[in-house]
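**Q** Sequence plus predicted model, see below.
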Amino acid sequence: MLQHSTCLPIGFGLDVSTGTYKVARSFYRSCDCSSVAMGMEVFTINGDEGNWRETLLDPPYPIICPQTAIHCKGSLFYFIDKKIQQCPPQALLRFCLQDETFGITPLLNNVYPTVEDDDDIVLHELDGELCATFFSKCVQRVLDWVARDIVNPEWDCHYVINVSDHCCPVASLSIAGRFLLRRGHCLIHYYMKAHGVKEEDIFDMDDLR
């Protein structure tokens with residue numbers, strides 16, 4: 001029996017076709033030494049059903065949990081568990097909240113095919129676009145890639161952030177010429193023109209309690 005994490009990612013997002021919010025959670029149907037079968041359940045907030053229901057289609061690939069599912073443009077995005085796939089795609093699993101069907105979104109394969117460790121990639125939504133951020137060891141910079149098309153994406157490097165550790169952009173403060181970054185439990189103001197961070201602009205989120 002394979003040892004799988006029971007902490008599977010939960011997804012939350014807006015179904016724009018109905019104006020309702022949905023929560024999605026995956027679960028294991030079965031697993032053995034060679035394969036894993038998974039299902040998906042959806043709960044519609046303030047919906048008519050009032051309970052969890054299974055989707056008509058199951059996820060075509062098993063899901064792994066490096067982070068919470070990201071919502072962008074009406075879909076949820078998950079990382080695919082590649083350890084038990086013979087030929088896993090270099091892609092994200094996409095779950096459309098409108099028709100509750102699955103698809104795949106290629107992940108950085110047209111720009112950085114050597115980025116294979118999903119633990120090094122942070123997926124997020126920034127200014128309404130799907131983004132993937134990772135720390136490039138060869139240039140010692142954090143690179144933020146943006147895909148405007150979530151079905152057939154062409155990933156473009158929009159931001160190069162001059163920091164020594166892996167940070168993830170949380171918000172673009174374009175009027176002020178700054179980014180709000182997250183590094184572990186810290187929030188950081190990054191100044192685009194100065195290409196740097198001021199020590200007094202590092203905030204520990206534990207201090208906000």
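**A** Now that the structure is in, tell me what you want to look at. Residues are numbered from 1 along each chain as shown.
**Q** can I see the domain layout of the chain?
**A** Domain segmentation of the chain under automatic domain parsing yields 1-106, 108-209.
**Q** Format the ones you listed as JSON lines; extra columns: mean pLDDT.
**A** Putting the domains of the chain into JSON lines (pLDDT from 0 to 100) gives the following:
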{"stretch": "domain 1-106", "mean pLDDT": "84"}
{"stretch": "domain 108-209", "mean pLDDT": "73"}
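**Q** would you list the ones you listed in TSV and tack on mean neighbour count?
**A** Yep, even glycine has a C-beta here, placed from its N, CA and C like the rest. Shown next, in TSV, are those (neighbours: other C-beta atoms under 10 Å):
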stretch	mean neighbour count
domain 1-106	16
domain 108-209	15
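**Q** Val170 belongs to a strand, doesn't it?
**A** Yes: membership of Val170 in a strand is supported by DSSP: H, G, I helix; E, B strand; the rest coil.
**Q** which residues touch it?
**A** Residues near Val170 by C-beta atoms under 8 Å, 6 or more residues apart in numbering: 124, 179-182, 187.
**Q** at 10 Å what do you get?
**A** Val170 is in contact with 124, 126, 179-182, 187-188, counting by C-beta atoms under 10 Å, 6 or more residues apart in numbering.
**Q** same check, this time on Gly103
**A** Residues in contact with Gly103, defined by C-beta under 10 Å, 6+ apart, are 60, 75, 91-96, 150-151.
**Q** What is the most widely separated pair among these?
**A** Greatest spacing in these, by C-beta to C-beta: Pro60 and Ile150 (16.7 Å).
**Q** And the longest strand along the chain, what does it pack against?
**A** Counting residues, the longest strand found in the chain (DSSP state E) is strand 20-31. Packing partners of strand 20-31 (3 or more C-beta pairs under 10 Å, 6 or more residues apart in numbering; DSSP states H and E): strand 10-15, strand 36-44, strand 63-64, strand 70-72, strand 75-80, strand 91-96.
**Q** So what's the gap between the longest one and the chain middle?
**A** Read it as strand 36-44. Relative to its parent chain, strand 36-44 has a centroid offset of 18 Å by C-alpha atoms, centre = their mean, to the nearest Å.
**Q** now the shortest one
**A** From the chain centre to the centre of strand 63-64 is a distance of 12 Å (C-alpha atoms, centre = their mean).
**Q** Packing partners of that strand?
**A** By 3+ C-beta pairs under 10 Å, 6+ apart, strand 63-64 packs against strand 20-31, strand 36-44, strand 75-80, strand 91-96.
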